[in-house]
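Asker: coords below, sequence missing:
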């Protein structure tokens with residue numbers, strides 16, 4: 001019976017496999033995606049970050065893992081911008097999001113909407129791990145930390161320009177010792193704040209000494225108190241490294257006295273509060289003035305006491321010194337003895353010199369002088385012969401040199417003369433060409449001016465009154481030579497000058513005459529109508 005049952009079940013299973021609906025890969029992936037999203041629409045997961053990757057598009061890809069499993073996760077760009085925490089492998093977090101599948105790689109993943117550290121212990125563990133790493137590199141060693149300047153001329157402050165921190169620092173500096181302050185405004189929390197603080201530290205260090213913007217002598221990185229998440233930017237590795245590499249002494253004043261960040265270990269000095277950082281940066285001016293006055297008084301008193309001590313010692317030493325007479329007694333006695341011995345020594349010295357001169361005079365004979373003169377004459381003749389030979393050689397060399405120069409000069413003169421002759425020939429040809437062009441231009445100009453004058457003469461003749469006279473008119477002038485244009489201007493008995501085209505005629509004016517009446521023009525025969533008088537008919541009668 002059992003055998004028959006197994007055979008029947010196997011037959012049914014085989015039939016079920018044969019009757020399964022065939023699906024494509026995409027259809028199966030889509031069905032799985034709907035099943036997973038419906039069963040796990042929104043979940044909250046706790047795990048440790050692993051393999052965190054910030055993509056260039058702004059998305060973040062990561063893994064959530066524990067001891068037994070690993071879950072892929074993705075944070076879209078808009079969500080990643082709201083996460084203030086720098087995600088690193090090893091950080092324990094709690095995330096919420098939607099579970100979905102990625103058909104392209106046949107895997108399921110969680111699309112994260114929120115991400116929070118899994119308690120303060122996880123952040124502290126990450127800080128401790130980073131602290132051990134940077135300490136192993138020597139960034140926290142006391143040997144590499146710089147001494148703070150006693151009285152800086154310029155103080156650089158890196159903080160938020162809108163908070164109360166900068167006002168506290170400025171107020172504290174003004175109370176203690178007013179100094180010039182350069183503020184580099186940055187964000188002190190949130191996304192991008194760590195990069196801004198790093199850029200501010202590096203920017204202050206990049207300023208040149210003696211430039212338009214003065215280089216600070218000391219830096220203060222300041223921020224008010226807050227939670228560990230708020231102060232997380234000052235635990236970032238880039239900020240800690242920038243503080244450690246700063247060539248300008250740096251004071252860390254982040255948070256309150258109980259807040260500890262990694263920049264405190266890399267800075268050259270840690271201040272519990274921003275106001276305390278201002279107190280560390282500069283001394284109290286009034287205390288310095290009082291201290292200087294006290295030191296000046298102490299110095300004067302010490303000098304006066306030392307002066308009195310020297311006076312006392314000098315007087316005591318003066319009493320112990322011997323008198324001048326006792327000191328000079330021996331030298332005086334010695335001087336007296338030498339004074340007595342001096343005349344005898346002079347006479348003895350003169351006698352010795354006389355004896356030496358007498359012995360030398362015996363050896364100095366005429367023959368010795370003649371031999372000396374002969375040797376000197378021979379030497380002089382040899383020198384004269386050498387001088388003459390040198391003069392001859394010098395003359396020959398100078399003659400050769402002058403001959404060479406003369407030849408070069410002659411060649412140069414001939415070349416120069418030939419060049420000048422060629423240049424003069426070219427200039428003469430140029431002058432001839434210019435003269436010919438000038439003559440042609442002058443002839444052209446004269447012809448144009450002659451034509452212009454002829455035309456003007458014609459115009460003048462046409463416009464002149466003499467041309468009018470040639471047509472039978474006459475010009476009447478009074479005795480003063482003024483033209484008379486109207487009969488009313490003529491007085492009876494006045495002598496007149498009448499100019500014709502061929503000469504002048506004198507005349508005597510009579511009284512005025514009446515204007516002659518115009519005679520009617522006879523009408524031509526055969527004209528019809530009231531046409532124009534004097535116009536004949538075109539047709540015969």
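Answerer: Structure's in. What do you need? Predicted model, so just to flag it, every value in this text is computed and none were measured.

Asker: alpha carbons only for contacts and neighbour counts from here, please
Answerer: Will do.

Asker: Next one: residue 381 from residue 393, what distance?
Answerer: 18 Å (C-alpha to C-alpha, to the nearest Å).

Asker: again, but for residue 326
Answerer: Using C-alpha to C-alpha, one obtains 81 Å as the distance from residue 326 to residue 393.

Asker: Looking at those two, which has the bigger crowd around it?
Answerer: residue 393 (12 against 9; other C-alpha atoms under 10 Å).

Asker: and that one, what element?
Answerer: helix 366-463 (DSSP states H and E).

Asker: which secondary structure elements does that helix contact?
Answerer: For helix 366-463, the contact count by 3 or more C-alpha pairs under 8 Å, 6 or more residues apart in numbering; DSSP states H and E identifies no helix or strand as a packing neighbour.

Asker: how about the strands in the chain?
Answerer: Along the chain, counting by DSSP state E, strands occupy 43-54, 60-65, 70-75, 92-102, 107-117, 154-159, 180-185, 218-223, 250-254, 269-270, 475-477, 495-500, 503-508.

Asker: Return the most buried member of these.
Answerer: strand 250-254 (a mean of 29; mean count of other C-alpha atoms under 10 Å).

Asker: Tell me how far that strand lies from the chain's centre.
Answerer: 33 Å (C-alpha atoms, centre = their mean, to the nearest Å).

Asker: That one vs strand 218-223, what angle?
Answerer: 10 degrees (axes from the mean of the first three to the mean of the last three C-alpha atoms, to 10 degrees).

Asker: got the contact list for strand 250-254?
Answerer: Contact partners of strand 250-254, identified using C-alpha atoms under 8 Å, 6 or more residues apart in numbering, comprise 218-225, 231, 234, 243, 260-261, 263-264, 267-274, 276-277.

Asker: Quickly run through the sheet partners of it, with directions.
Answerer: If you go by DSSP bridges, strand 250-254 pairs up with strand 218-223 (parallel), strand 269-270 (parallel).

Asker: Using CSV, lay out those together with distance to residue 212 and mean pLDDT.
Answerer: As requested, the strands paired with strand 250-254 are arranged in CSV below (distance: least, C-alpha to C-alpha, whole Å; pLDDT from 0 to 100):
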stretch, distance to residue 212, mean pLDDT
strand 218-223, 18, 93
strand 269-270, 28, 90
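
Asker: Indicate which one of those is closest to residue 186.
Answerer: Closest approach to residue 186 among the strands paired with strand 250-254 (C-alpha to C-alpha): strand 218-223, 10.2 Å.

Asker: circling back to that earlier point, of all the strands paired with strand 250-254, which lies closest to residue 457?
Answerer: strand 218-223 (100.1 Å).

Asker: what's that closest one in contact with?
Answerer: Residues outside strand 218-223 that contact it (C-alpha under 8 Å, 6+ apart): 148-149, 152, 154-160, 165, 188, 248-255, 274, 277, 281.

Asker: ok now that strand, how far from the chain's centre?
Answerer: 29 Å.

Asker: got the angle between that strand and strand 180-185?
Answerer: Here strand 218-223 runs at 40 degrees with respect to strand 180-185, directions being taken by the same axes, to 10 degrees.

Asker: what is the orientation angle of strand 218-223 with strand 154-159?
Answerer: 20 degrees.

Asker: if we can go back for a sec, of the strands paired with strand 250-254, which is nearest residue 482?
Answerer: Across those, closest to residue 482 is strand 218-223 (C-alpha to C-alpha), at 108.7 Å.

Asker: Can you list the low-confidence ranges for this protein?
Answerer: Along the chain, segments meeting pLDDT under 70 span 1-20, 84, 119-123, 511-541.

Asker: contacting residues for the residue nearest to residue 198 when sequence neighbours are not counted?
Answerer: Nearest residue to residue 198, sequence neighbours excluded (C-alpha to C-alpha, 6 or more residues apart in numbering): residue 239, at 5.2 Å. By C-alpha under 8 Å, 6+ apart, the contact list for residue 239 reads 194-195, 197-198, 233, 263.

Asker: can you do 7 Å?
Answerer: Applying C-alpha atoms under 7 Å, 6 or more residues apart in numbering, we find residue 239 in contact with 194, 197-198.

Asker: what do you get for residue 263?
Answerer: Neighbour list for residue 263: 234-235, 240, 243, 252 [criterion: C-alpha under 7 Å, 6+ apart].

Asker: Going by distance to residue 40, which of these wins?
Answerer: residue 235 (36.3 Å).

Asker: any idea how far the closest one lies from residue 62?
Answerer: From residue 235 over to residue 62 (counting by C-alpha to C-alpha), the distance is 22 Å.

Asker: Equivalent analysis for residue 159, please.
Answerer: Applying C-alpha to C-alpha to residue 159 and residue 62 gives a distance of 33 Å.

Asker: for residue 130, same thing?
Answerer: For residue 130, the distance to residue 62 equals 20 Å [C-alpha to C-alpha].

Asker: and what of residue 266?
Answerer: Counting by C-alpha to C-alpha, the gap from residue 266 to residue 62 is 30 Å.

Asker: same check, this time on residue 153
Answerer: 49 Å.

Asker: Now do the same contact list for residue 188.
Answerer: 159-160, 223.

Asker: If we use 10 Å, what do you get?
Answerer: Residue 188 makes contacts with 158-160, 163, 194, 196-197, 221-224, 230-234, 254, as judged by C-alpha atoms under 10 Å, 6 or more residues apart in numbering.

Asker: repeat for residue 112
Answerer: 42-45, 60, 73-76, 79-80, 95-99.

Asker: next one: residue 345
Answerer: Neighbours of residue 345 in contact, by C-alpha under 10 Å, 6+ apart: 338, 351.

Asker: Buried ones in stretch 186-196, by neighbour count?
Answerer: 186-191, 193-194, 196 (16 or more other C-alpha atoms under 10 Å).

Asker: no no, stretch 451-469
Answerer: Neighbour count says stretch 451-469 has 466, 468 buried, by 16+ other C-alpha under 10 Å.

Asker: Any idea how far that stretch is from the middle of the chain?
Answerer: Centroid separation for stretch 451-469 versus its chain: 78 Å, with C-alpha atoms, centre = their mean.

Asker: repeat for stretch 183-193
Answerer: 29 Å.

Asker: Please apply the same query to stretch 419-439.
Answerer: Distance, centroid of stretch 419-439 to centroid of chain: 58 Å (C-alpha atoms, centre = their mean).

Asker: Tell me what the closest residue to residue 182 other than its chain neighbours is bridged to.
Answerer: What sits nearest to residue 182 in space, not counting adjacent residues and going by C-alpha to C-alpha, 6+ apart, is residue 156, at 4.8 Å. On the basis of DSSP bridges, residue 156 is bridged to residue 182, residue 219.

Asker: got a list of what residue 156 touches?
Answerer: By C-alpha under 10 Å, 6+ apart, the contact set of residue 156 is 180-184, 200-201, 204, 214-221, 248, 250.

Asker: The same query, at a cut-off of 8 Å, please.
Answerer: Listed by C-alpha under 8 Å, 6+ apart, the contact partners of residue 156 are 181-184, 204, 216-220.

Asker: before we move on, what about residue 490?
Answerer: Listed by C-alpha under 8 Å, 6+ apart, the contact set of residue 490 reads 484, 509.

Asker: ditto for the one 5 residues further on
Answerer: Residues near residue 495 by C-alpha under 8 Å, 6+ apart: 478-479, 506-509.

Asker: Against residue 475, how distant is residue 322?
Answerer: 148 Å.

Asker: Repeat that for residue 307.
Answerer: The value you get for residue 307 to residue 475, if C-alpha to C-alpha is used, is 133 Å.
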